[in-house]
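>>> when you get a sec, could you give me coordinates for this:
(one chain, ligands or ions: 1)
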Amino acid sequence: MDERRMVRISKYLARHLRHDPQLIGITLDAGGWVPVDVLLRAAAEHGFPITADELQHVVESNDKRRYAIEDGRIRASQGHSVPVDLELPAVEPPEVLYHGTVARFVAAIKKEGLRPMSRHHVHLSPDRETAARVGARRGVPVVLTVAAGAMHADGHEFRRSANGVWLAEHVPPGYLWFPS
Ligand code: HQG
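Presented below is the predicted three-dimensional model:
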């Protein structure tokens, strides 16, 4: 499949499986799932027909494995702004994790720590390269190091999404190292 078509489908899915399902008249269940056939019908009825093969292909080969299909249902693996409970178990994180941001947010982050902003969780990356890519969406990336092991020892919970993104509710400033 053409790369541009894949990206268009992936963005369409993000819009409707993470943020605005009501725009195409679908309802996500408590876990964020919707039956694949319901999604495909709604997309077609709203002027964006996707074939079942295209959907399968996007889910399997998406660069970040953003979507999961299980038992005939599909959901976004993370990144929602609508309320969903992904029912991810709390797990022990590695000693350090990383967060990619940009210089203009650093002063606020030093004061308040990392906040989820419009998402449900703060998103953390397992390595610097991934964090740098996340930050680079907004400008020259600034990579912060998160003392995840210490946070966990102090009782903060961590979860890991199906596509390997680490999730926390808040990262207080005391657990962050800023590059000099
Ligand atoms: C910043 C993409 C001011 C934070 C990526 C970030 C990721 C603060 C922005 C995923 C702050 C929120 C998530 C504070 C945090 N004051 N700014 N106290 N705390 N920020 O997009 O982490 O393509 O919600 O640094 O690849 O950038 O969607 O989070 O710059 O995995 O699958 O506020 O989104 O994945 O931005 O990105 P976002 P993010 P997808």
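>>> can you pull the buried residues of the single longest helix found in the chain?
Ordering each helix of the chain by length in residues (DSSP state H) puts helix 3-14 first. Neighbour-count burial for helix 3-14, counted by 16 or more other Cβ atoms under 10 Å, picks out 6, 9-10, 12-14. For the C-beta atoms, the positions are set from N, CA and C on the backbone; glycine is no exception.
>>> quickly list the domain ranges of this structure.
3-76, 97-177 (automatic domain parsing).
>>> out of those domains, which gets nearest to residue 85?
domain 3-76 (5.7 Å; Cβ to Cβ).
>>> how about the closest one, does it reach the ligand?
Yes: using Cβ under 6 Å from any ligand atom, domain 3-76 reaches the ligand at 64, 66.
>>> now stretch 88-101
Yes: against the ligand, stretch 88-101 shows contacts by Cβ under 6 Å from any ligand atom at residue 101.
>>> contacts for that stretch, please.
By Cβ atoms under 8 Å, 6 or more residues apart in numbering, the residues outside stretch 88-101 that reach it are 109, 114, 122-128, 130-136, 138, 141-149, 151-152, 157-161, 166-167, 171, 176.
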